[in-house]
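**Q** Just to be clear, the model below is a prediction. Sequence and coordinates:
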Amino acid sequence: MIWSDKKILTAIDRGEIVIRPYDRANLGTNSYDVHLGKHLARYKDHILDARKHNEIEEMEIGEEGFVLHPNTLYLGVTLEYTETHSSVPFLEGKSSVGRLGIDIHATAGKGDVGFCNHWTLEISCTHPVRVYAGMPIGQLIYFAVEGDIENYYNKKPNAKYNRVSERPMESMMWKNSF
Ligand SMILES: Nc1ccn([C@H]2C[C@H](O)[C@@H](COP(=O)(O)OP(=O)(O)OP(=O)(O)O)O2)c(=O)n1
């Protein structure tokens, strides 16, 4: 079941959900709006290798915004640092962002119980589009989890995206053995 606004508020009051910075105005009927942080990145190499550590170069979105172009994967980040301790957070797009032709994640929308970090966004667009730091970029929705948790994400020794960072994090697939 997806959590309602009241349920999300109660979880925030209890410290089961942490959102920083937090603004009550960003709470929707059953979601919380998150915003685009100023740090962006893209891969240095044209051909990525799933077995290797693909390096990124970082950019900053200035006052004038930043034009995204099609056929490039940009890694962005939410302005908000979040912690989710008792539910499963999902990152979803916003209709107004989708209507500009912007995707904010490539396949990965689910978070884990115990995830404590800024969210990395895997951004692509179908049309050149100027984006701005601080613009609404997505929404978090929360689902109840059934059963006890053995491995909270923030306690898992092999969790790949545990190191708190307000900059986007590149794929750490190279840490998987395959
Ligand atoms: N667009 C997204 C989706 C997820 N996450 C965060 C929340 C998740 O709790 C964490 C790990 O996501 P996955 O479990 O999908 O990633 P992996 O399985 O690749 O990593 P790990 O092995 O660390 O679980 O990354 C994120 O920052 N940005």
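**A** Noted; the coordinates are in hand.
**Q** tell me how far the ends of stretch 106-122 are from each other?
**A** Terminal residues of stretch 106-122 are spaced 6 Å apart (Cα to Cα, to the nearest Å).
**Q** Next: stretch 33-40.
**A** As for stretch 33-40, its first-to-last residue distance stands at 19 Å under the measure Cα to Cα.
**Q** quick one: it near the ligand?
**A** No - using Cβ under 6 Å from any ligand atom, stretch 33-40 never reaches the ligand; the gap is at least 10.8 Å. Quick note: C-beta positions are derived from backbone N, CA and C, even for glycine.
**Q** who touches that stretch?
**A** For stretch 33-40, the external contacting residues (Cβ atoms under 8 Å, 6 or more residues apart in numbering) are 26-27, 58-61, 66, 74-80, 82, 91, 94, 118-119, 121, 123, 131-140, 166-168.
**Q** Pull up the gap between the residue nearest to the spatial centre of the chain and the ligand, please.
**A** The centre of the chain sits closest to Trp119, judged by Cα atoms, centre = their mean, with a distance of 2.7 Å. Taking Cβ to the nearest ligand atom, to the nearest Å as the measure, Trp119 and the ligand are separated by 4 Å.
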